[in-house]
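> Fold the following.
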Amino acid sequence: MKLLPISKLVFGAVTVFFLMAPLVAILPLAFTNSVFLNYPIPGFSLRWFIELFTAGAWKMSIVNSLIIGAGTTVLATVLGTVASLGLRGTSFSLVFGFIRTVFLLPMVVPAVVLGVGMQLMFAQYGLANTYIGVIVAHTVLAVPFVIVNVTASLQGIDSRLERAAASLGAAPHVVLRTVTLPLAMPGIISGAVFAFATSLDEVVLTLFVAGPNQRTLARQMFSTIRENISPAIAAAAFVFIAGTVVIAVLVNLGKRRTQNA
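Residues are numbered from 1 along each chain as shown. Next up is the predicted model:
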């Protein structure tokens with residue numbers, strides 16, 4: 001019995017190593033002064049970070065990623081939150097269960113299938129090679145993550161609080177604005193973060209629906225790997241990971257403040 005906690009600890013350590021080893025291997029190469037991704041590092045330099053934020057292609061891709069990511073986050077958070085509110089309390093209905101499954105399908109459908117379908121549809125409506133088209137495509141992938149987080153947050157709300165507000169004369173929209181949404185805010189924030197991360201990381205759909213002017217950072221990294229492997233890719237990966245860590249810390253701080261409020 002005493003070996004069980006030790007085995008769990010070992011298994012956890014091995015799992016963390018398995019997940020972190022590729023990152024630990026690539027991140028130091030972001031600071032190399034060489035033009036090749038190889039070890040040992042001949043010297044340290046910030047030249048690749050400078051290139052990342054000054055070279056035209058990289059700078060444009062960063063701006064595009066922020067624009068598309070922001071649009072995707074807003075649209076996916078609104079749609080996902082509304083869908084979660086509409087599906088709330090309907091877990092025993094076959095119809096709503098089917099609708100909930102349909103909402104989550106983009107998480108399991110291959111991105112290539114979605115990309116081909118969206119490319120054909122967007123071409124008919126003039127959305128191909130546009131920012132709106134890319135934002136809509138990314139939103140399709142991001143909405144399920146918002147629904148999962150918001151639904152979990154809504155399930156943790158005590159319905160007696162809403163009934164108490166309604167019994168005191170609050171209209172349904174007032175209950176929603178003053179009770180339901182504030183209590184569900186941790187899930188909404190988490191869903192928004194996942195939506196932004198999904199948009200930032202998406203490559204396949206971007207290849208199908210985006211044009212040269214909508215090239216995102218992930219697509220630029222993919223193209224650079226195909227054409228010429230550069231340490232700028234490692235610098236971009238470092239920025240990705242650092243940004244993710246910062247966002248995760250801010251989200252956790254926001255959750256704690258919301259729970260303590």
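> Going by C-alpha atoms from here, please, whenever you check contacts or count neighbours.
OK.
> Which strands or helices does the host helix or strand of Gln124 pack on?
Assigned by DSSP states H and E, Gln124 belongs to helix 111-125. Contact here means 3 or more CA pairs under 8 Å, 6 or more residues apart in numbering; DSSP states H and E; on that basis helix 111-125 packs against helix 204-209.
> Just the CA trace of the helix it packs on, in CSV.
Only the C-alpha atoms of helix 204-209 are listed here, as CSV (Å, rounded to 0.1, in the frame of the first residue of the first chain):
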residue,chain,number,x,y,z
VAL,A,204,-5.0,23.6,-41.3
LEU,A,205,-8.2,25.7,-41.6
THR,A,206,-6.0,28.8,-42.1
LEU,A,207,-4.4,27.1,-45.1
PHE,A,208,-7.8,26.5,-46.7
VAL,A,209,-9.6,29.7,-46.0
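> I'd like the average pLDDT over the helix or strand following that helix.
Per DSSP H and E, helix 204-209 leads on to helix 217-227 as the next helix or strand towards the C-terminus. Across helix 217-227, the average pLDDT comes to 80.
> In helix 217-227, which residues are buried?
Using 16 or more other CA atoms under 10 Å as the test for burial, helix 217-227 gives Leu217, Ala218, Arg219, Gln220, Met221, Phe222.
> Return the distance of the helix holding Gln124 from the chain's centre.
In terms of CA atoms, centre = their mean, to the nearest Å, the centre of helix 111-125 is found 21 Å from the chain centre.
> Need the residues that contact that helix.
Pro106, Ala128, Gly133, Ala137, Val204, Leu205, Phe208, Val209 (CA atoms under 8 Å, 6 or more residues apart in numbering).
> Tell me the one of those nearest Val146?
Val146 lies nearest to Pro106 out of the contacts of helix 111-125, by CA to CA, at 12.3 Å.
> helix/strand/coil for that closest one?
Here Pro106 is recorded as helix under DSSP: H, G, I helix; E, B strand; the rest coil.
> Please report how far the closest residue in space to it that isn't next to it in sequence lies from Phe194.
Excluding the flanking residues, the one nearest Pro106 by CA to CA, 6 or more residues apart in numbering is Leu141, at 5.6 Å. The gap separating Leu141 from Phe194 is 10 Å, by CA to CA, to the nearest Å.
> Over to Met221?
In terms of CA to CA, Met221 sits 21 Å off from Phe194.
> now Ile188
10 Å.
> before we move on, the earlier item: quick one: which of the contacts of helix 111-125 is nearest to Ile41?
With CA to CA as the yardstick, the closest approach to Ile41 among the contacts of helix 111-125 comes from Val204, at 32.2 Å.
> burial count for that closest one?
18 (other CA atoms under 10 Å).
> and the nearest residue to Leu205 once chain neighbours are set aside, how many neighbours?
Distance criterion CA to CA, 6+ apart; nearest residue to Leu205, sequence neighbours excluded, is Gly115 at 4.9 Å. Per other CA under 10 Å, the neighbour tally for Gly115 reads 18.
> what do you get for Arg100?
Neighbourhood size, Arg100 [other CA under 10 Å]: 19.
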